[in-house]
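Q: Got a predicted structure here, sequence first:
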Amino acid sequence: MKLAWSKKNAWEKAPAWVRAAAGPLMSRIPVPWLLGRAFRRHRRFVAQVDRWPAQRAREYQVEQLRRICLLAQARSEFYRRQFQQAGFEAGDLKSPEDLSGLPVIDKRVVVDNLEAMCTEAPDGPGIDFVSTGGSSGLPLRFYAPASRSAVEFAYLVACWERAGYQLGMPTAVLRGQIVKSIHNGMRHEYDPLLRRHYYSNFHTAPEELARYLAHIAGLGPCALMAYPTSATMLARFASRQGDKAPHNIRVVLMGSENVYPFERQIVEQVFGCRVMSWYGHSEKLVLASECECASAYHVWPTYGYCELLDEAGQPVRQVGQRGEIVGTGFINHIVPLIRYRTGDFARYVGQRCSACGREQMLLEDIEGRYLQSCLLAADGSAISAVAFNVHDETFNNVEDYQFHQSEAGKATLWVVASGGLSPRQAEKLLANVNGRLQGQVRVDLRCVESLVVTERGKKPRIISTVKGGENAPDSAKLQVR
C-alpha cells in the first residue's frame, strides 16, 4: 500500500521501542497538541455543528454536495461521463434530493473504474493508497488524502465523549491490532500518543484474559475499546471470576460489529458502566453514534450525506422500515464516492431524537451482509472475524472468502477466485493469513465456486461446528442451510 508522508503514518510505522522511548516526554503534552493543528481545528468545528438545527445542517450538505460534484465533474473522467449520461449538472444542485438523478455505485464500479474516478494524479504528494478492512466483503482499494484521519478522529472523539470518554484518558484496546511484545507473560503494547494499551485479540485463553483484566484494573479511570464479541467474551470471563472484574472502567466503546442486546446487557452489568456504540467505515462516507440518552444511531449530517434506500432504490421514509445505507462523502476529494452502496442495512427511526433533542437522522439495528462470528484457537481463544480484517494485498485475486472450522486450532479457507489462483498466489495468500493468525489457528485453502449463506441470504464470515469453546460468544453459533 502506498502511504504519503504524514505524522500519523510515520507514527504508526515506528517500532514499538521508539514509541516506548517517547512515552515519558509525550505524557507531559496534552493529547490535542500531540494530534496537531488540523485535529484541533476540526474538533472545534464538530463541537459547533453537533447541535445545529436541521435546516442549517441541510444548507451545509447542499454546499458540500455541490462542491464535491463540481470537483468530480471537472476533474474525474468517470463522473464527467456518468453525469452526462444522467443529464446531471453539478452546478444546478439545489437540494440533497437532487442526487437521486444519479445512479448508485458499488464496490465493483470502483474496482473497474478507479483510475478514471481520480480527480488528481494518484502518485502525487499527500495521497494514500488505502484499503477497507473487508468486514462487509473483500477489501476495497482506493486513493484518499492523508489528511482524512484528522477529520474522522475529531468526529469519533465527539461521539465517544457523549458517553463519558475523555481524550487522553487511558484506554484498554481489544481489537484487531497485532501485538507481538510480551511483558511478564502478557501480550501488551502501549501507545503513548493516545494513551492506549493494546492487548492481543488473537490470544484470549483464560490465563491471558486474567492477565488482561488484572492489568486493566491498574490503569486508573479508563475506557475499554473492543469489538462487541471481544467485550462480551471479556465480561463473561470476568463474571466467572467473582469480584475480579475491574471497577475502574468508565465507558465501553464497541464498534466494527453489530451490537446485540444480550452483549450490551452483560457488558454493562459486569463492568458497571455505559456501552457506547458507533457506526462508520473506511470509505468515510457515513458516521453515526449513539447519544448520551438513547441507543439509536445519530447520523452526523456534516460528515457525509446518508441515504437509506429500499430494494427499489427509493428513499425510506416510514419509521420502522429497513433500507441500505448509501453514502456520499465530504472528506475524500481524491476519489469522490457519490451515492456509494455500503452493503450495510439499517432500520429508519426518524429525524429527531426526543431524548437529546438533536435534529439528525436516526438509525437502529445496523447490520452488514456478513454476520459476525469467531474462530476458535486450540487454547480456547475466540478470534473475532473482524479482528481478521486486512488492509493489504492478501486477497488481491479473490472475489470472496469464508472460513470453515470443525476443529479448534484448524480451519479451511474457502475462496472464490473467478480466474483461479496460481500456486504462487495461493502460497502467498496462505502465508499472509497464517501470519496474521500467529499460529493460533492453522489454515489450509480450498477454491470453491460459491460460499454458504443463511436462510436470510447473509454470509457468515466463519462457519463453525466446533463445540465446547466456553469463551466463544453466542453469536458465533449460526444456523446455515
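A: Yep, it's here. Residues are numbered from 1 along each chain as shown.
Q: what helix or strand does Val157 sit in?
A: Using DSSP states H and E, Val157 falls within helix 148-161.
Q: next helix or strand past that helix?
A: Heading C-terminal from helix 148-161, the first helix or strand you meet, by DSSP H and E, is strand 171-174.
Q: what's downstream of that following strand, the next helix or strand?
A: Using DSSP H and E, the first helix or strand after strand 171-174 is strand 182-183.
Q: neighbouring contacts of that following strand?
A: Applying CB atoms under 8 Å, 6 or more residues apart in numbering, the external contacts of strand 182-183 come out as His188. Yep, even glycine has a C-beta here, placed from its N, CA and C like the rest.
Q: tell me how far it is from the chain's mean position?
A: 28 Å (CA atoms, centre = their mean, to the nearest Å).
Q: ok so, going back, helices or strands up against the helix holding Val157?
A: Where contact means 3 or more CB pairs under 8 Å, 6 or more residues apart in numbering; DSSP states H and E, helix 148-161 is packed against helix 37-49, strand 274-279.
Q: Try it again at 10 Å.
A: For helix 148-161, the contact count by 3 or more CB pairs under 10 Å, 6 or more residues apart in numbering; DSSP states H and E identifies helix 7-13, helix 31-35, helix 37-49, strand 127-131, strand 249-255, strand 274-279, strand 288-289 as packing neighbours.
Q: Give me the buried positions along it.
A: Residues 148-161 are the ones in helix 148-161 that count as buried (16 or more other CB atoms under 10 Å).
Q: count of neighbours near Phe271?
A: Phe271 has 24 neighbours, counted by other CB atoms under 10 Å.
Q: my guess is Ile216 is in a helix, correct?
A: Yes - Ile216 forms part of a helix when assessed by DSSP: H, G, I helix; E, B strand; the rest coil.
Q: and it, what does it touch?
A: Taking CB atoms under 10 Å, 6 or more residues apart in numbering as the criterion, Ile216 is in contact with 170, 172, 174, 197, 199, 222, 224, 234, 238, 245-246, 248-249, 271.
Q: Dump those to CSV, plus pLDDT.
A: Formatted as CSV, the contacts of Ile216 follow (pLDDT from 0 to 100):
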residue, pLDDT
Pro170, 96
Ala172, 97
Leu174, 92
His197, 94
Tyr199, 93
Cys222, 97
Leu224, 97
Leu234, 91
Ala238, 89
Ala245, 84
Pro246, 89
Asn248, 95
Ile249, 96
Phe271, 94
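Q: With respect to Arg80, which of these is nearest?
A: Ranked by distance to Arg80 (CB to CB), these are led by Leu174 at 45.8 Å.
Q: Who is the closest one paired with across the strands?
A: Leu174 has these beta-bridge partners by DSSP bridges: Ala226.
Q: so who does it touch?
A: Residues in contact with Leu174 (CB under 10 Å, 6+ apart) are 197-201, 204, 209, 212, 216, 224-227, 229-231, 233-234, 384, 387.
Q: Phi and psi next, for the closest residue to Pro192 other than its chain neighbours.
A: Leaving out its chain neighbours, the residue that sits closest to Pro192 by CB to CB, 6 or more residues apart in numbering is Gly23, at 3.8 Å. Main-chain torsions, Gly23, degrees, to the nearest 10: phi -50, psi -50.
Q: and the gap between Gly23 and Glu449?
A: For Gly23, the distance to Glu449 (CB to CB, to the nearest Å) stands at 51 Å.
Q: Asp92 too?
A: For Asp92, the distance to Glu449 equals 46 Å [CB to CB].
Q: Can you give me the buried ones in the biggest strand by length in the chain?
A: Ranked by residue count and defined by DSSP state E, the top strand of the chain is strand 340-350. By neighbour count with 16+ other CB under 10 Å, strand 340-350 contains the buried residues Tyr340, Arg341, Thr342, Gly343, Asp344, Phe345, Ala346, Arg347, Tyr348, Val349.
Q: Chain neighbours aside, what residue packs nearest to the last one?
A: Leaving out its chain neighbours, the residue that sits closest to Val349 by CB to CB, 6+ apart is Leu362, at 3.7 Å.
Q: Show me what that neighbour is bridged to.
A: Beta-bridge pairing for Leu362 (DSSP bridges): His298, Gly350.
Q: Quick check, it in contact with Pro301.
A: No - assessed by CB atoms under 10 Å, Leu362 is found out of contact with Pro301, at 11.7 Å.
Q: could you point out where the stretch 151-300 of the chain is predicted with low confidence?
A: Counting by pLDDT under 70, the low-confidence segments of the stretch 151-300 of the chain come to 243.
Q: if we go to 80?
A: Low-confidence segments of the stretch 151-300 of the chain (pLDDT under 80): 176, 181, 183-184, 241-244, 257-258.
Q: what separates the most far-flung residue of the chain relative to its centre from Ser100, distance-wise?
A: Each residue of the chain has a distance to the centre, and by CA atoms, centre = their mean the biggest one is for Gly87: 35.0 Å. Look at Gly87 and Ser100: by CB to CB, they are 13 Å apart.
Q: Gln64 now?
A: For Gln64 relative to Ser100 (CB to CB), the value is 17 Å.
Q: Which of these two has more residues huddled nearby?
A: Set side by side, Gln64 and Ser100 show more neighbours around Gln64, with 20 against 15, by other CB under 10 Å.
Q: Among the contacts of Ile216, name the buried ones.
A: Here, 16+ other CB under 10 Å leaves 170, 172, 174, 197, 199, 222, 224, 234, 238, 245-246, 248-249, 271 buried among the contacts of Ile216.
Q: what comes up buried for stretch 224-239?
A: Neighbour-count burial for stretch 224-239, counted by 16+ other CB under 10 Å, picks out 224-238.
Q: With only the CA atoms kept, save it in CSV.
A: Only the C-alpha atoms of stretch 224-239 are listed here, as CSV (Å, rounded to 0.1, in the frame of the first residue of the first chain):
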residue,chain,number,x,y,z
LEU,A,224,-12.4,-0.1,27.2
MET,A,225,-12.4,-0.1,23.4
ALA,A,226,-13.3,-3.5,21.9
TYR,A,227,-15.2,-5.4,19.3
PRO,A,228,-18.6,-6.4,20.8
THR,A,229,-17.7,-10.1,20.6
SER,A,230,-14.4,-9.4,22.4
ALA,A,231,-16.0,-7.2,25.1
THR,A,232,-18.7,-9.8,25.7
MET,A,233,-16.1,-12.5,26.0
LEU,A,234,-14.1,-10.5,28.5
ALA,A,235,-17.2,-9.6,30.5
ARG,A,236,-18.3,-13.3,30.7
PHE,A,237,-14.9,-14.3,31.8
ALA,A,238,-14.8,-11.6,34.4
SER,A,239,-18.2,-12.5,35.8
